[in-house]
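>>> please find the sequence and the predicted model below.
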Amino acid sequence: EDQVTQSPEALRLQEGESSSLNCSYTVSGLRGLFWYRQDPGKGPEFLFTLYSAGEEKEKERLKATLTKKESFLHITAPKPEDSATYLCAGHYGGSQGNLIFGKGTKLSVKP
Amino acid sequence: EPEVTQTPSHQVTQMGQEVILRCVPISNHLYFYWYRQILGQKVEFLVSFYNNEISEKSEIFDDQFSVERPDGSNFTLKIRSTKLEDSAMYFCASSERFFRTANEKLFFGSGTQLSVL
């Protein structure tokens, strides 16, 4: 069973159309929840780390939130340059830097 | 902003050949990692490295893989005898501290695309 599951796999939005990406995770042992952005052919670019339920972090049009069983990445009034694959990853207790990644949500924002 | 740099960006090799992928982590970082991503699949952890020792390795990181910090700036991944299934994007990453503290960040390089023919 996957420890980190993202939905939807792909999302198409019109410019300015706000939406949310979901990341469900195995609760047991989670120490931190990471969000990354990945452009084609590039490495993951760090966005946020969340550690406790109720925590929220913002960066420009992105806001990440964490509940006891899932995390959301809210995108407000997206622009075409927000098009990318967004990755969620969990860090579980006892591991030495081993992040468990989800498959990602591929976001396309059309002008 | 400081970056993790990787060379080469693309590497083509014949099956059975040895390859060395190179990385320069962010200068004040102490923890180093290799991940890989097979086309269309998840990013997967290979190994973490601290204080000149492997801290953790995944099942993927078998005896054909090795890591080394040959000097004060470089971090390398060696694959001794490449297989077709080793074809993937290999990412180096580094962090200032181990993930015990809040607001820890893991920074990735742009990757080396390895193609085994």
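Great, that's in hand.
>>> what's the next secondary structure element after the helix or strand encompassing A:Cys23?
According to DSSP states H and E, A:Cys23 maps onto strand A:19-25. Where DSSP H and E defines the elements, the next helix or strand beyond strand A:19-25 is strand A:30-38.
>>> need the CA coordinates for the helix or strand immediately after that following strand in the chain. CSV is fine.
Sequence order places strand A:45-50 as the next helix or strand after strand A:30-38, per DSSP H and E. Coordinates of the C-alpha atoms in strand A:45-50 are reproduced here as CSV (Å, rounded to 0.1, in the frame of the first residue of the first chain):
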residue,chain,number,x,y,z
GLU,A,45,12.1,22.5,-6.4
PHE,A,46,11.3,22.8,-2.7
LEU,A,47,8.1,24.6,-1.8
PHE,A,48,7.0,23.8,1.7
THR,A,49,7.4,21.5,4.7
LEU,A,50,4.5,21.0,7.1
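>>> and the strand holding A:Cys23, what does it pack against?
On a contact count with 3 or more Cβ pairs under 8 Å, 6 or more residues apart in numbering or on different chains; DSSP states H and E, strand A:19-25 meets strand A:4-7, strand A:10-14, strand A:30-38, strand A:70-75, strand A:84-92. (Glycine included, C-beta is placed from N, CA and C.)
>>> out of these, flag the one nearest A:Val109.
strand A:10-14 (5.1 Å; Cβ to Cβ).
>>> and the closest one, what other elements does it pack with?
Using 3+ Cβ pairs under 8 Å, 6+ apart, strand A:10-14 sits against strand A:19-25, strand A:105-110.
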